[in-house]
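Undergrad: Next one to model:
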Amino acid sequence: MLEEIFKRQKEVDDLIAEVKKSEGLEYNFDKNEWIDKMTTAIIAESMELKEESNWKWWKKPKDIDIDAIRGEMVDILHFWVSLCTKLDLDAKQVFEEYIKKNEENRRRQKEGY
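TA: Residues are numbered from 1 along each chain as shown. I've put the predicted structure just below:
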């Protein structure tokens, strides 16, 4: 499934690049610019996710909109996967890095991290 997500995101990124270029807009950024743009987008989407929670303790709590929360999480995933592809990370590499980090986190917890 992760491979399919990466494939689809690459297709959408390529489509965006085509549209932007046809509009005469700059779309050829270096890796540093992509990191900046994508992390900014991830932060913005994360703040939208946060707005769906009851973090404002001084206000009357609202009902949680799970569908909106899921939508924001998927928006974050889109930008995250896009950044991975810009940094030449594919789904297999992400999986392998995740497994390594997960094992490290488990070890740390068992050792009293």
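Undergrad: which stretches of this structure form helices?
TA: Taking DSSP state H, the helices of the chain run over residues 2-22, 31-51, 66-86, 91-110.
Undergrad: Show me what counts as buried in the shortest one.
TA: Neighbour-count burial for helix 91-110, counted by 16 or more other Cβ atoms under 10 Å, picks out A91, V94. Every residue, glycine included, has its C-beta placed from N, CA and C.
Undergrad: Name the surrounding residues that touch it.
TA: Helix 91-110 is contacted by residues L2, E3, I5, F6, C84, L89 when judged by Cβ atoms under 8 Å, 6 or more residues apart in numbering.
Undergrad: Equivalent analysis for the third one, please.
TA: Around helix 66-86, the neighbours that count as contacts under Cβ under 8 Å, 6+ apart are 5-6, 9-10, 12-13, 31, 34-35, 38-39, 41-42, 45-46, 48-49, 52-53, 90, 94.
Undergrad: same question, the first one
TA: With Cβ under 8 Å, 6+ apart as the contact definition, helix 2-22 has outside contacts at 26-27, 77-78, 81-82, 84-85, 90-92, 94-95.
Undergrad: Arrange these in JSON lines, one row each, with distance to E18 and pLDDT as further columns.
TA: Output for these, formatted as JSON lines (distance: Cβ to Cβ, whole Å; pLDDT from 0 to 100):
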{"residue": "E26", "distance to E18": "14", "pLDDT": "85"}
{"residue": "Y27", "distance to E18": "9", "pLDDT": "86"}
{"residue": "L77", "distance to E18": "22", "pLDDT": "98"}
{"residue": "H78", "distance to E18": "17", "pLDDT": "98"}
{"residue": "V81", "distance to E18": "19", "pLDDT": "98"}
{"residue": "S82", "distance to E18": "15", "pLDDT": "97"}
{"residue": "C84", "distance to E18": "20", "pLDDT": "97"}
{"residue": "T85", "distance to E18": "16", "pLDDT": "96"}
{"residue": "D90", "distance to E18": "22", "pLDDT": "97"}
{"residue": "A91", "distance to E18": "23", "pLDDT": "97"}
{"residue": "K92", "distance to E18": "27", "pLDDT": "97"}
{"residue": "V94", "distance to E18": "25", "pLDDT": "97"}
{"residue": "F95", "distance to E18": "29", "pLDDT": "97"}
